[in-house]
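Chemist: sharing a model prediction with you, sequence too.
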Amino acid sequence: MMTNLFSIFDPTTNLFFFSLNWLSMSLGFIFLPYYFWLLPNRLLILFNNINMKLHNEFKLLLNYNMNKGSTFIFISLFIMILFNNFLGLFPYIFTSTSHLTLTLSISLPLWLSFMMFGWMNNSQHMFIHMIPQGTPMILTPFMVLIETISNLIRPGTLAVRLTANMIAGHLLLTLLSNNGSNIPNLFIMILLMIQILLLILEFAVSIIQSYVIAILTLLYSSEVN
């Protein structure tokens, strides 16, 4: 039972040793032709509004005068994760963000680039972050150790947070749907309503998790400046 249940997250459809399930990440490109044939359209207006709202919010957390345009890196990260989260809600579409292969490959290079930039250009600033202001001298070694460990596990926590949230909702939907054939017809409508409510919740979780990953990555980058 558990093998069949977790197999929904297993990219096993292969062609010439290439996983076809990962091609689901490219399904977002089917929306691009709207931009070329009809301007302005509703999708483009919505996309621009989201971009501007995120840009105005992200630049408050960055030193925008010194890093102009850097907010669009995190906006692109938000939109990419959001697209993949949404695509995973459709039937028979592989959820790429439910795998550490994707989430860790996003968080680890970003974290490494922030750390390398910070230690190479703002070493004194990075050392200051190791010891919070007002820390007693006797606790200084422990605080340095704790801050070092917290910095090292940041890419893992970012990756696991997104993966766990995507897997949890999909597993719950799968468990409930598997029991549909074993319950009386009277409770089918109740099960259907619960599934719809869970799907709405997963829709909200997809947006929230994309925003959380983008915000945390932005905060990690702002610490090295």
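Modeler: Perfect, thanks for sending it. Numbers count the residues shown, from 1 in each chain.

Chemist: show me where the chain has helices.
Modeler: In the chain, the segments counted as helices under DSSP state H are 2-6, 33-37, 42-61, 71-87, 100-121, 123-130, 140-152, 154-178, 188-222.

Chemist: right, and those helices - which one's nearest residue 25?
Modeler: Of all the helices of the chain, it is helix 71-87 that lies closest to residue 25, at 6.0 Å by Cβ to Cβ. All C-beta spots, glycine's among them, are computed from the backbone N, C-alpha and C.

Chemist: okay, buried residues for the closest one please.
Modeler: Buried residues in helix 71-87, counted by 16 or more other Cβ atoms under 10 Å: 71, 73-75, 77-87.

Chemist: flag the shaky bits of the chain, pLDDT-wise.
Modeler: Within the chain, the segments meeting pLDDT under 70 span 1-22, 28, 31-39, 63-67, 225.

Chemist: thought residue 87 was touching residue 98?
Modeler: No. Taking contacts as Cβ atoms under 8 Å, residue 87 lies outside contact range of residue 98: 11.3 Å.

Chemist: what's the distance between stretch 214-225 and the middle of its chain?
Modeler: Its chain's average C-alpha position is 15 Å from that of stretch 214-225, according to Cα atoms, centre = their mean, to the nearest Å.

Chemist: and residue 164, how many neighbours?
Modeler: Counted with other Cβ atoms under 10 Å, residues neighbouring residue 164 total 14.

Chemist: contacts only, for residue 106.
Modeler: Contacts were defined as Cβ atoms under 8 Å, 6 or more residues apart in numbering; by that measure residue 106 touches 77, 81, 158, 159.
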